[in-house]
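Participant: generate a structure from the sequence data that follows.
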Amino acid sequence: MKRISLITITAAAAALFAACGAPAGNNAPAANNANAANAANANTAKPVAAAPTKEALMTMEKAGWEAWKNRDAKWTQENYSDKGLNLGTSGRTTKAEMIKAMPTQKCDVKSYTLTDDQMQMVGPDVAVLTFKGAQDAICDGKKSPANVYSSSIYIREADKWKAMFYAETPVVDPKAPPQKAAAPPKKDEAKKEDSKPDAATDAVLALEKKIWEGWKAKDGKAFEDVMGKDFNFVDSMGRTDRATTIKHWSTENKCEVKSYSLSDAASISIAKDVTLLTYKGAADGKCEGQPIPTEWYASIYTKEGESWKAAFGMGL
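Facilitator: Residues are numbered from 1 along each chain as shown. Alright, predicted model coming up:
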């Protein structure tokens with residue numbers, strides 16, 4: 001969904017509940033009390049949203065784009081998770097910042113269409129939509145990219161699925177030199193200073209560095225160890241599955257990289273055993289003769305057995 005695209009990370013905290021056992025010799029009343037409590041809990045249990053369909057989430061997505069077109073912040077207020085964010089070429093944007101910016105954005109949107117949509121579940125409570133957006137829009141007096149590849153994350157919150165993340169990158173012709181396309185001008189973002197990662201962020205960032213090291217060394221085995229079985233990646237060239245991504249980054253890799261750095265990293269737990277990592281990646285080197293641009297990236301990590309694996313990634 002189209003949103004104004006940095007972040008105050010809200011950490012998810014787990015609540016621990018302890019139950020006291022019934023006194024010895026008083027088992028029958030304890031059982032009755034337990035049954036009554038179970039019945040009360042059943043009657044007061046909160047409804048849980050059903051598993052999503054791609055069509056239902058795309059309907060929400062289109063409503064978000066329509067809200068962007070009409071500069072209507074109400075949609076974001078009602079349908080965006082409070083811990084959600086956007087990622088743009090200048091960094092992260094919180095829900096509060098989106099809502100504040102929406103009514104005053106200087107965009108004239110004539111039309112848009114969303115096609116080539118796919119849904120990927122990365123856990124029972126997290127769905128990733130990837131699609132291609134075509135738009136006829138002028139923002140801040142500049143023509144917006146005609147086509148973008150977009151990624152949206154939706155999470156289950158009680159009885160509703162809510163938007164949690166959005167990012168897009170302008171489409172680049174695979175036959176053209178891999179130069180970075182101009183950033184979408186509609187995103188009015190302030191520059192943020194680099195943040196110091198916490199322990200949780202350091203843990204997933206260490207895994208992300210293994211992917212970058214594999215890319216630098218053109219080592220397909222490095223990706224096999226870190227990428228989950230259903231990994232997908234989206235960038236300006238489009239969407240690729242696990243096998244295709246590994247091939248692009250190893251045997252078909254035409255980049256010569258001296259060094260790389262990952263900075264301004266932040267992670268957030270978006271569901272049980274699902275973590276979203278965002279960071280800025282830079283490299284000293286060239287791909288097909290062109291300097292490697294510094295870009296923002298987003299990765300989703302999930303638990304597969306006892307190990308954390310990359311389930312999804314996107315480069316802006």
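Participant: what is the neighbour count of Lys258?
Facilitator: By other CB atoms under 10 Å, the residues close to Lys258 number 10. (Each C-beta comes from the backbone N, C-alpha and C, glycine too.)
Participant: kindly apply the preceding question to Gln77 instead.
Facilitator: Neighbours of Gln77 (other CB under 10 Å): 14.
Participant: what helix or strand is it on?
Facilitator: Using DSSP states H and E, Gln77 sits within helix 74-79.
Participant: next secondary structure after that helix?
Facilitator: Counting by DSSP H and E, the element after helix 74-79 in chain order, helix or strand, is strand 80-88.
Participant: quick one: list the elements packing against the next helix or strand after that following strand.
Facilitator: Counting by DSSP H and E, the element after strand 80-88 in chain order, helix or strand, is strand 91-94. Packing contacts for strand 91-94, counted by 3 or more CB pairs under 8 Å, 6 or more residues apart in numbering; DSSP states H and E, involve strand 80-88.
Participant: what separates the strand it packs on from the chain centre, distance-wise?
Facilitator: How far strand 80-88 lies from its chain's middle: 9 Å, per CA atoms, centre = their mean, to the nearest Å.
Participant: can you tell me which helices and strands it packs against?
Facilitator: strand 91-94, helix 95-101, strand 160-170, strand 255-271, strand 295-304.
Participant: which residues sit against the helix holding Gln77?
Facilitator: Outside helix 74-79, the residues within contact range by CB atoms under 8 Å, 6 or more residues apart in numbering are Arg3, Met60, Ala63, Gly64, Glu66, Ala67, Lys95, Met98, Ile99, Met102, Lys162, Ala163.
Participant: for the chain, what spans make up the strands?
Facilitator: Remark: strands assigned in the chain by DSSP state E are 80-88, 91-94, 107-121, 126-139, 142-143, 147-157, 160-170, 227-235, 238-241, 255-271, 274-287, 290-291, 295-304, 307-315.
Participant: list the buried residues of the first one.
Facilitator: Applying a neighbour-count criterion of 16 or more other CB atoms under 10 Å, the buried positions in strand 80-88 are Tyr80, Ser81, Lys83, Gly84, Leu85, Asn86, Leu87, Gly88.
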